[in-house]
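A.B. asks: what follows is a protein structure lacking sequence information:
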């Protein structure tokens, strides 16, 4: 398949594995690259810029295909040395960066001067317009269905994708709710030039999370996610388990405060859930696409299946309808 | 275009104008039928079964193409003579009925004995499975994006449509968030055999509502709807105006009751808003597709544009991507 996204990033398939905290490491990203799609390491999964340098180097040893690094700028209690992470990205020869979290404008001169192509991930049409304006090369637009932070507008991809693509001239990647060929063709019909998948890549052989997590995604139906942090206007879609249900119950109480849920949503517990497979012991993100995930293939099998089936949907199903 | 839906209902295009309270009257439904799509009168928009008989007859005079009647079974304070409405539908020679509101099982023997094809509108995969089981000929699956009642699961079409089509053998119509060719092709890619549109048909020349309503839909962006009645577990997506914003504010108060909002959401005021164009004086339903509506065409122009452009998307855009 050939789209503006495959051409922009010199990849074979219009499929992106976006940054996932604690998950987007060398093994997964290299497998995605070797399958002809585009994977992103997450800079902040690495505790220091030097660790990121090692992870990039490790990935480069595992693949000769292009891959990128995600740099998510978030308000944090402990200051994060973003500039140093960016420096390592540039020095390591990375040519594709996914920005997220806030307006990437401050980082654009440095990244562009290094010949880096920037795809900005955002959750609203107005932020996508802004990203184009500040010089991003592409936008990844993340709908209400997505894992993690969908924003506060609750606009699903069916509306968000055409609403964005009709306003932008740079290519748009559809994100949130994608995991198979049907979704890819739908995204292309809605004007996107590719799809981004997170949760679907989590349920692959190469994803560095415990098997229980992958199995939980296979077992999940479409109602197995829930939104937390809405009262904080920092909404996140997570797997619906004992912990996130308890968080929701506390959040419904009119006089609760963040400290009432803090111990439930600690990052350490979420990470433990992913790594040790304690699926009910912490809060971990999952998108609605979990409801459509039925197996744990290798990354290569997954990417190849999606593109082959997508071609079939266009060649056979859709062309037959208009004949 | 030829799908299982065009064949089932003997229509030219896989486009349905589903029942809309106060709106689905003879003029609109006949215009939709004459454009080669499938329109539905709403039985309960007519105050008595005899009024419905007259409205059907009026529609039959305006078109010789197939059209249907929507029968929505809802809990009401005043008992509704559903059996008598059904009797009128059968006696008038109507051969297509859209059921909604609750399980159509009690009405199936009567409707099927009259040779009527039944399409059931619902908002969840489990209810769609049930509809197939009780003998419906098709299902219209309504996602989170839709105007009116999206249910309580908040599952958008990108997930709900493939999730439904993969579980059913009868044809599925995608509803909620549709209004143009991009959406139609996306729905077909996701496994649906057609689309249902409500809000988009509201902004047509023939829709029997005030011009101000149509213009409000043209002016709206994708964030111009809001959900009310969530605390009652009877969620409805409506146009975001002064009244619905006030309803939301009251609903946020922990100790409110329905009587606090009853005067704001009265059906009379909503109907007045639609008919007299007082867009800020009552609560009226609108779907998120409002954000993608930019004009007020005739029904014929709209249907013809959608099908022509959909063929172009498949023939040119999609086929070029896989070449």
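C.D. replies: Arrived safely, thanks for sending. Computed from a prediction, not measured in an experiment: that's the story for all the values here. Numbering: from 1, shown residues only, chains lettered A, B, ... in the order given.

A.B. asks: distance-wise, check the residue of chain A found nearest chain B relative to residue B:196.
C.D. replies: Ranked by Cβ to the nearest Cβ, the top residue of chain A for proximity to chain B is residue A:156, at 3.3 Å. C-beta here means a position set from N, CA and C on the backbone, and glycine is covered the same way. Residue A:156 sits 16 Å away from residue B:196, going by Cβ to Cβ, to the nearest Å.

A.B. asks: enumerate every residue touching the residue of chain A closest to chain B.
C.D. replies: Residue A:156 makes contact with A:143-145, A:176-177, B:143-145, B:156-158, B:177, B:288, according to Cβ atoms under 8 Å, 6 or more residues apart in numbering or on different chains.

A.B. asks: what does the stretch 1-150 of chain A have sitting close to chain B?
C.D. replies: A:1, A:2, A:3, A:14, A:125, A:143, A:144, A:145 (Cβ under 8 Å from any Cβ of the partner chain).

A.B. asks: using CSV, lay out those residues together with pLDDT and secondary structure.
C.D. replies: Output for the residues of the stretch 1-150 of chain A next to chain B, formatted as CSV (pLDDT from 0 to 100; DSSP: H, G, I helix; E, B strand; the rest coil):
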residue, pLDDT, secondary structure
A:1, 97, coil
A:2, 98, coil
A:3, 98, coil
A:14, 98, coil
A:125, 98, helix
A:143, 98, coil
A:144, 98, coil
A:145, 98, coil
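
A.B. asks: show me the shaky parts of chain A.
C.D. replies: Nowhere does chain A drop to pLDDT under 70.

A.B. asks: the domain parsing of it - what is it?
C.D. replies: A:4-207, A:225-285 (automatic domain parsing).

A.B. asks: how far off centre is the longest one?
C.D. replies: Shown here is domain A:4-207, whose average C-alpha point lies 6 Å from the average C-alpha point of the whole chain (Cα atoms, centre = their mean, to the nearest Å).

A.B. asks: and that domain, end to end?
C.D. replies: The straight-line separation of the ends of domain A:4-207 (Cα to Cα, to the nearest Å) is 27 Å.

A.B. asks: what's the answer for stretch A:67-87, then?
C.D. replies: 17 Å.

A.B. asks: quick check: phi and psi at residue A:120.
C.D. replies: When read as degrees, to the nearest 10, the backbone of residue A:120 gives phi -100, psi 130.

A.B. asks: to clarify, my last question referred to residue A:9.
C.D. replies: Dihedral angles of residue A:9 (phi, psi; degrees, to the nearest 10) stand at phi -100, psi 10.

A.B. asks: nearest spatial neighbour of it, skipping sequence neighbours?
C.D. replies: Among residues not flanking residue A:9 along the chain, residue A:38 sits closest, at 5.4 Å (Cβ to Cβ, 6 or more residues apart in numbering or on different chains).

A.B. asks: can you give me the helices in the stretch 51-200 of chain A?
C.D. replies: For the stretch 51-200 of chain A, helices defined by DSSP state H, counting those that start in this stretch occupy the ranges A:82-91, A:108-113, A:125-133, A:157-165, A:181-189, A:199-202.

A.B. asks: make JSON lines out of these and add mean neighbour count.
C.D. replies: As requested, the helices of the stretch 51-200 of chain A are arranged in JSON lines below (neighbours: other Cβ atoms under 10 Å in any protein chain shown):
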{"stretch": "helix A:82-91", "mean neighbour count": "18"}
{"stretch": "helix A:108-113", "mean neighbour count": "15"}
{"stretch": "helix A:125-133", "mean neighbour count": "19"}
{"stretch": "helix A:157-165", "mean neighbour count": "29"}
{"stretch": "helix A:181-189", "mean neighbour count": "27"}
{"stretch": "helix A:199-202", "mean neighbour count": "28"}
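
A.B. asks: out of those, nearest to residue B:72?
C.D. replies: Proximity to residue B:72 (Cβ to Cβ) singles out helix A:157-165 among the helices of the stretch 51-200 of chain A, at 23.8 Å.

A.B. asks: helices or strands up against that closest one?
C.D. replies: helix A:125-133, strand A:138-142, strand A:172-175, helix B:157-165, helix B:181-189 (3 or more Cβ pairs under 8 Å, 6 or more residues apart in numbering or on different chains; DSSP states H and E).

A.B. asks: can you check what angle separates it from helix A:125-133?
C.D. replies: 30 degrees (axes from the mean of the first three to the mean of the last three Cα atoms, to 10 degrees).

A.B. asks: if we can go back for a sec, buried among the residues of the stretch 1-150 of chain A next to chain B? Make that a PyMOL selection.
C.D. replies: Selection of buried members from the residues of the stretch 1-150 of chain A next to chain B for PyMOL, criterion 16 or more other Cβ atoms under 10 Å in any protein chain shown:
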select buried, chain A and resi 1+3+14+125+143+144+145
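
A.B. asks: what is the most widely separated pair among the residues of the stretch 1-150 of chain A next to chain B?
C.D. replies: Farthest pair in the residues of the stretch 1-150 of chain A next to chain B, by Cβ to Cβ: A:2 and A:144, 29.5 Å.

A.B. asks: I'd guessed residue A:2 sits against residue B:323; true?
C.D. replies: Yes. Contact criterion Cβ atoms under 8 Å: residue A:2 and residue B:323 qualify, at 7.4 Å.

A.B. asks: list phi and psi for the residue of chain A closest to chain B.
C.D. replies: Torsion angles at residue A:156 (phi, psi; degrees, to the nearest 10) stand at phi -70, psi 170.

A.B. asks: tell me how far it lies from residue B:281.
C.D. replies: 29 Å.

A.B. asks: which one of the helices and strands packed on helix A:157-165 lies closest to residue B:232?
C.D. replies: For the helices and strands packed on helix A:157-165, the distance to residue B:232 is smallest for helix B:157-165, at 22.3 Å, taking Cβ to Cβ.

A.B. asks: and stretch A:85-101, end to end?
C.D. replies: 15 Å.

A.B. asks: stretch A:285-303 too?
C.D. replies: End-to-end span of stretch A:285-303 (Cα to Cα): 22 Å.

A.B. asks: try stretch A:35-53
C.D. replies: Across its full length, stretch A:35-53 reaches 23 Å between end residues, using Cα to Cα.

A.B. asks: likewise for stretch A:311-319?
C.D. replies: Taking Cα to Cα, the first and last residues of stretch A:311-319 lie 11 Å apart.

A.B. asks: quick one on the thing from earlier: how about the contacts of residue A:156 in JSON lines, adding distance to residue B:238?
C.D. replies: Shown next, in JSON lines, are the contacts of residue A:156 (distance: Cβ to Cβ, whole Å):
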{"residue": "A:143", "distance to residue B:238": "21"}
{"residue": "A:144", "distance to residue B:238": "18"}
{"residue": "A:145", "distance to residue B:238": "22"}
{"residue": "A:176", "distance to residue B:238": "24"}
{"residue": "A:177", "distance to residue B:238": "24"}
{"residue": "B:143", "distance to residue B:238": "16"}
{"residue": "B:144", "distance to residue B:238": "14"}
{"residue": "B:145", "distance to residue B:238": "13"}
{"residue": "B:156", "distance to residue B:238": "18"}
{"residue": "B:157", "distance to residue B:238": "19"}
{"residue": "B:158", "distance to residue B:238": "23"}
{"residue": "B:177", "distance to residue B:238": "16"}
{"residue": "B:288", "distance to residue B:238": "11"}
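
A.B. asks: so which of those residues comes closest to residue B:110?
C.D. replies: Using Cβ to Cβ, the contacts of residue A:156 come closest to residue B:110 at residue B:143, 29.9 Å.

A.B. asks: before we move on, the earlier item: out of the domains of chain A, which gets nearest to residue B:47?
C.D. replies: domain A:4-207 (35.1 Å).
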